[in-house]
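A.B. asks: sequence and predicted structure, then a few things I'm wondering about:
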Amino acid sequence: MAKRLEGKVAIVTGSGRGIGAAHAMALAMHGAKVVVNDPGVNRDGTGSSNVADDTVAAIKKAGGVAIANYDSVATPEGGEAIVKCAVEKLGGIHILVNNAGFLRDKTCWTMTPEEFDLVVKVHLYGHFNTIRAAAPIMRQQRWGRIINTSSEAGAIGNFGQINYSAAKEGIVGLTRVVGRELGKYGVTCNALRPQAATRMTMTEDVLKNIAGMMGLKDAKEAEKAFIAMSAPEHISPILIFLCSEEAANVNARVFNVGGGKFGLYNEPEVIASIEKPGQVWDSEELIKEMVAKVTGKLVNVSPVQQK
């Protein structure tokens with residue numbers, strides 16, 4: 001294997017398990033020294049554990065270089081501490097992979113402000129906090145790669161995930177702005193919308209749906225099938241691409257990744273419109289034209305149900 005990232009130092013947040021652990025291993029196998037950041041919280045953000053140590057041990061066993069870090073990305077101080085760890089202990093920061101996150105799923109009418117805030121803090125603020133700390137260094141050295149983690153939940157909207165979906169689509173906006181701000185300094189910023197079998201995605205409902213679609217007898221068979229199709233390791237090759245010199249022209253972009261498929265999203269575009277340049281639309285005329293030319297064939301994504 002060609003070690004494309006020899007001499008680089010990388011941070012991967014949320015890399016004690018799942019996609020983050022796969023990213024950290026891939027970076028290390030390509031020669032980067034890796035800060036494995038993970039406070040080891042549960043799926044809902046509670047508790048703590050030393051899962052970062054497990055990833056570090058696996059990397060070292062495979063011949064790579066890695067150290068553990070347990071700071072939270074949810075605060076500015078945590079973001080600064082993670083970057084400081086990379087600089088002081090491994091000699092710099094060249095690659096930042098923002099992957100940390102957890103879930104607090106509820107409907108919009110049952111979710112508390114605190115539950116909304118907790119998820120936004122670790123996902124959206126978590127990206128900002130580490131980028132804010134790493135950007136001055138990358139800007140000065142005129143080289144850097146930032147890879148963020150968005151989700152299809154942000155693009156489409158998942159029932160019961162108003163906090164998570166809002167944060168994940170916010171990350172897309174953040175990615176586009178950071179890419180434009182830092183691009184002239186040799187720093188790129190891109191985002192992934194990964195689809196992989198992890199503790200975040202292998203919920204009871206998801207496994208039940210997979211079992212039904214594939215004609216499997218139970219959740220255990222569905223879990224095996226899901227992992228075979230969408231193991232976290234399937235995501236990491238595009239990470240290595242985005243960190244490479246061959247991707248120096250790829251900036252402020254969003255990719256769909258999963259199950260061996262890698263897709264580039266187009267930029268947001270208007271797909272239908274009506275115009276009266278310089279004129280104010282009459283409401284009745286607008287309603288008629290919108291239905292006739294713009295919205296008439298749309299289908300409600302959540303149709304009204306009969307009581």
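C.D. replies: Received the coordinates, thanks.
A.B. asks: switch to C-alpha atoms for all contacts and neighbour counts from now on
C.D. replies: OK.
A.B. asks: ok, which stretches of the stretch 151-300 of the chain are strands?
C.D. replies: In the stretch 151-300 of the chain, the strands defined using DSSP state E, counting those that start in this stretch lie at 187-194, 254-258, 261-264.
A.B. asks: deepest of these, which one?
C.D. replies: Highest mean neighbour count of the strands of the stretch 151-300 of the chain: strand 187-194, a mean of 26 (counted as mean count of other Cα atoms under 10 Å).
A.B. asks: quick check: angle from it to strand 254-258?
C.D. replies: For strand 187-194 against strand 254-258, the angle by axes from the mean of the first three to the mean of the last three Cα atoms, to 10 degrees is 40 degrees.
A.B. asks: for strand 187-194, the distance to its chain's centre please.
C.D. replies: Mean C-alpha position of strand 187-194 versus that of the full chain (Cα atoms, centre = their mean, to the nearest Å) differs by 8 Å.
A.B. asks: direction included, what does it pair up with?
C.D. replies: strand 144-149 (parallel), strand 254-258 (parallel) (DSSP bridges).
A.B. asks: would you list those strands in TSV and tack on mean pLDDT and distance to Val12?
C.D. replies: Output for these, formatted as TSV (pLDDT from 0 to 100; distance: least, Cα to Cα, whole Å):
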stretch	mean pLDDT	distance to Val12
strand 144-149	98	9
strand 254-258	89	18
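A.B. asks: turn those into CSV, including distance to Arg17.
C.D. replies: Listed next are those as CSV, based on distance: least, Cα to Cα, whole Å:
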stretch, distance to Arg17
strand 144-149, 15
strand 254-258, 17
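A.B. asks: quick one: which of those strands is nearest Val56?
C.D. replies: For Val56, the closest of the strands paired with strand 187-194 is strand 144-149, at 20.4 Å, according to Cα to Cα.
A.B. asks: and the one helix or strand Ile131 maps to, which residues are buried?
C.D. replies: According to DSSP states H and E, Ile131 maps onto helix 126-141. With burial defined by 16 or more other Cα atoms under 10 Å, the residues of helix 126-141 counted as buried are 126-135, 137-139.
A.B. asks: just how off-centre is it within its chain?
C.D. replies: 17 Å.
A.B. asks: report all helices and strands that it contacts.
C.D. replies: Judged by 3 or more Cα pairs under 8 Å, 6 or more residues apart in numbering; DSSP states H and E, helix 126-141 is in contact with helix 76-90, strand 144-149, helix 162-182.
A.B. asks: now do the helices in this protein.
C.D. replies: 18-29, 51-61, 76-90, 113-120, 126-141, 152-156, 162-182, 204-214, 219-230, 236-243, 283-290 (DSSP state H).
A.B. asks: ok, which of the ones you listed comes nearest Lys106?
C.D. replies: Lys106 lies closest, by Cα to Cα, to one member of the helices of the chain: helix 162-182, at 7.7 Å.
A.B. asks: what angle do that closest one and strand 187-194 make?
C.D. replies: 150 degrees.
A.B. asks: helices or strands next to helix 162-182 in the packing?
C.D. replies: Here helix 162-182 touches helix 113-120, helix 126-141, strand 144-149, helix 152-156, strand 187-194, going by 3+ Cα pairs under 8 Å, 6+ apart.
A.B. asks: got the buried residues of helix 126-141 as JSON lines, with distance to Gly18 columns?
C.D. replies: Formatted as JSON lines, these follow (distance: Cα to Cα, whole Å):
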{"residue": "Gly126", "distance to Gly18": "18"}
{"residue": "His127", "distance to Gly18": "18"}
{"residue": "Phe128", "distance to Gly18": "22"}
{"residue": "Asn129", "distance to Gly18": "22"}
{"residue": "Thr130", "distance to Gly18": "20"}
{"residue": "Ile131", "distance to Gly18": "22"}
{"residue": "Arg132", "distance to Gly18": "25"}
{"residue": "Ala133", "distance to Gly18": "25"}
{"residue": "Ala134", "distance to Gly18": "24"}
{"residue": "Ala135", "distance to Gly18": "26"}
{"residue": "Ile137", "distance to Gly18": "28"}
{"residue": "Met138", "distance to Gly18": "27"}
{"residue": "Arg139", "distance to Gly18": "30"}
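A.B. asks: fine by me, we can end here.
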